[in-house]
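K.L.:
coordinates only, sequence not included:
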């Protein structure tokens, strides 16, 4: 469903991605692990064409490199995005925020007026039901907790009826209990709806708990790919150079330790 081959991207003299190969199948939750500055966020932005790749090939479902604005719109309509900071309109209702995920499916006039047919409202309500927030549909989004707002972001992505979902550090600001609820929502969306989900995380323990497959990126390169059970000390040391992995595994704090490494853009 998501195919990346030889992807490279530079920002001036900084090489963010160096020949990345990656695939995510329908119904799979793939977690990307790596320190800050490793290239995780750049990878997701290239897939959704928020930034233009320097080299390589990307395919999402039936979409390759868009040749015009219409093809770009169609590509983005097929890819749901979930951000760390929710990106909701605070004064807008929960339902209206979720319905913005349907805008690409409307005609120009309906999009401008934000007039949504009953079918789109039904799709949005089903998405809210999946994340357990149907009863908050009429509330303003700024009256929800941070975790609930992130789940509205997931519902908005689901309302697009996408082929793939890209989640960029979706639980970075959440407490452990709420983070697990959000990640479980993403895993169920992948498994139940057949969506390819690619999720950037810092926390190794969450990756091991929720991922079907883990890809480790360091210095813009893939340095590990395998099942959560294959992420041993040697693999973790390649993903997070400088981490005392034997101590992290012994104390069960691998996720918390790696979350503090590095700084700057991911």
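P.N.:
Arrived safely. Predicted model only: the values in this text are computed from it and were never measured.
K.L.:
For residue 17, grab the count of nearby residues.
P.N.:
When counting by other CB atoms under 10 Å, one arrives at 26 neighbours for residue 17. Heads up, the C-betas are built off the backbone N, CA and C, glycines and all.
K.L.:
Residue 100 now?
P.N.:
Residues within reach of residue 100, counting by other CB under 10 Å, total 19.
K.L.:
you'd agree it is up against residue 153?
P.N.:
No: counting by CB atoms under 8 Å, residue 100 stays clear of residue 153, with 10.6 Å between them.
K.L.:
ok, for residue 246, nearest residue in space, not its chain neighbours?
P.N.:
residue 233 (6.0 Å; CB to CB, 6 or more residues apart in numbering).
K.L.:
Give me the phi and psi for that neighbour.
P.N.:
Here is the backbone geometry of residue 233 (degrees, to the nearest 10): phi -60, psi -40.
K.L.:
So for it, what's the pLDDT?
P.N.:
Looking at residue 233, its pLDDT is 91.
K.L.:
Who are the contact partners of residue 222?
P.N.:
20, 21, 22, 215, 216 (CB atoms under 8 Å, 6 or more residues apart in numbering).
K.L.:
Could I get the phi/psi values of residue 25?
P.N.:
Phi and psi for residue 25, reported as degrees, to the nearest 10, are phi -90, psi 160.
K.L.:
and it, how many neighbours?
P.N.:
Using other CB under 10 Å, residue 25 is surrounded by 14 other residues.
K.L.:
swap in residue 146?
P.N.:
14.
K.L.:
give me the beta-bridge partners of residue 11?
P.N.:
In this structure, residue 11 bridges to residue 14 when assessed by DSSP bridges.
K.L.:
Need the residues that contact the helix or strand containing residue 97.
P.N.:
Using DSSP states H and E, residue 97 sits in helix 94-99. Residues from elsewhere that reach helix 94-99, judged by CB under 8 Å, 6+ apart: 88-89, 114, 116, 120-121, 124-125, 127-128, 133, 136-141, 144, 152, 155-156, 159.
K.L.:
change it to 7 Å
P.N.:
The contact list for helix 94-99 (CB atoms under 7 Å, 6 or more residues apart in numbering) reads 88-89, 116, 120-121, 124, 127-128, 133, 136-139, 141, 144, 152, 155-156, 159.
K.L.:
Now the buried members of those.
P.N.:
Buried by 16 or more other CB atoms under 10 Å: 88, 116, 120-121, 124, 127-128, 133, 136-137, 141, 144, 152, 155-156, 159, out of these.
K.L.:
count of residues packed around the closest residue to residue 23 other than its chain neighbours?
P.N.:
Once flanking residues are discounted, residue 23 sits nearest to residue 3: 5.3 Å by CB to CB, 6+ apart. Residues lying near residue 3 (other CB under 10 Å) number 17.
K.L.:
Using the three-state scheme, assign residue 3.
P.N.:
Secondary structure, DSSP: H, G, I helix; E, B strand; the rest coil: residue 3 is strand.
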